[in-house]
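Novice: Sequence below, structure please.
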Amino acid sequence: MHTSKTLKSSDFQFRWLDANGTVEAGFDSLCPDYHRLDRTGVVSPRLEDGVLNAGYAILAQTTAFYDVLRSEMDDFFDYPQHLAFLDVNDKGVNTRCGRLNGPMAMGGPWSNLDVWPQSNWISASGTASGMLRKVYDLHVNRLLWPEDFMPVPDEATLPAHVYRKMLKTRLKGVTYYNASAPNVEVRVTQPVEDIVRTSIERLPGGQREPRRLIEPADGDFLYVERYRQVGVDEFLEAVDCCFDPASQ
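Specialist: Residues are numbered from 1 along each chain as shown. Have a look, this model is predicted:
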């Protein structure tokens, strides 16, 4: 196990954001109605996107998963049902450095976040509708999605009477990462950052983007990532042109 031996729930702190500042909240602010069998999909149009911008949210859910297992048994071997959806074609996985080939080029940074085994690195078309098709196919319940990754008018569409309705039924929540107007934040301790940093160092091109430090530090909580929680209906409305209106 990677993180089950390293992280605990007290390594994470959750806060709601509003015009008046922040309000401390619980894990439910990120994942209401959480169940350890939830399937979380991280849509990452470029290999780096989710690792750089959603690592804390992924590890918070991973730790919640292991917390449930620890409460039920002393010995276990399991991983959360977390899936990384990546833009892959016959030339390789899409990255900021161009397309790269090889399974570890695609999944090495993700396995360090316990998005594993290799079958959880999902090849998809690099369009919003292509990603939604895979999200639908693999019965995802929770979605981490880059806020600026939206469909364009000439994308292939999906039958609304099946895809839109089933996504509305299956999805429990959607979290935009790299959001322009975040409404929730995850604060973490150094052990969490160390795991994310190791994943970042496995990315191609020697990524060295500065991490988000809390200034001044809040006790043991040194780093923060901010996201935007949206309702399922709001998300489906934002990607509405992925669905063929003739099939409503």
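Novice: what number of residues lie near D90?
Specialist: Counted with other CB atoms under 10 Å, residues neighbouring D90 total 6. Yep, even glycine has a C-beta here, placed from its N, CA and C like the rest.
Novice: do you know how far it is from E48?
Specialist: 21 Å (CB to CB, to the nearest Å).
Novice: all strands of the protein, in order?
Specialist: Remark: strands assigned in the chain by DSSP state E are 12-18, 21-25, 39-44, 81-89, 92-95, 98-100, 121-124, 142-146, 158-159, 173-177, 184-188, 213-218, 221-230, 243-244.
Novice: which residues of this protein score low on pLDDT?
Specialist: For the chain, the stretches flagged by pLDDT under 70 are 1, 103-104, 206-210, 247-248.
Novice: how about the helices of it, start to end?
Specialist: Applying DSSP state H to the chain gives helices spanning 47-72, 103-111, 128-137, 165-170, 190-201, 232-238.
Novice: So which of the ones you listed is nearest L83?
Specialist: The closest of the helices of the chain to L83 is helix 128-137. By CB to CB, the value is 8.3 Å.
Novice: Could you pull up the residues touching the nearest residue to T63 once chain neighbours are set aside?
Specialist: Distances taken as CB to CB, 6 or more residues apart in numbering put L7 closest to T63, at 4.8 Å, once the chain neighbours are dropped. The contact partners of L7, taken as CB atoms under 8 Å, 6 or more residues apart in numbering, are 59, 62-63, 66, 191-192, 195.
Novice: Distance of L7 relative to C97?
Specialist: The value you get for L7 to C97, if CB to CB is used, is 30 Å.
Novice: Next: D75.
Specialist: Counting by CB to CB, the gap from D75 to C97 is 41 Å.
Novice: With neighbour numbers in mind, choose between these two.
Specialist: When D75 and C97 are compared for neighbours, C97 comes out ahead with 14 against 5, by other CB under 10 Å.
Novice: Quick check: closest non-adjacent residue to that one.
Specialist: Of all residues not flanking C97 in the chain, G205 sits nearest, at 4.4 Å (CB to CB, 6+ apart).
Novice: likewise R99?
Specialist: Closest residue to R99 apart from its sequence neighbours, by CB to CB, 6+ apart: G92 at 3.9 Å.
Novice: you'd agree that neighbour is up against N101?
Specialist: Yes - judged on CB atoms under 8 Å, G92 makes contact with N101 at a distance of 4.0 Å.
Novice: Please say which of these two ends up with more neighbours.
Specialist: G92 (16 against 11).
Novice: Give the bridge partners for that one, please.
Specialist: Listed beta-bridge partners, G92: N89 (assigned using DSSP bridges).
Novice: L83 now?
Specialist: G41.
Novice: these two touch, right, it and W116?
Specialist: No - with contacts counted by CB under 8 Å, L83 stays clear of W116, the gap being 10.5 Å.
Novice: Between these two, which has more neighbouring residues?
Specialist: Higher neighbour count among L83 and W116: L83, with 22 against 17, using other CB under 10 Å.
Novice: Now do the contacts for that one.
Specialist: Contacts of L83 (CB under 8 Å, 6+ apart): 39-42, 115, 120-122, 138, 140.
Novice: Can you tell me which of those residues are classed as buried?
Specialist: 39-42, 115, 120-122, 140 (16 or more other CB atoms under 10 Å).
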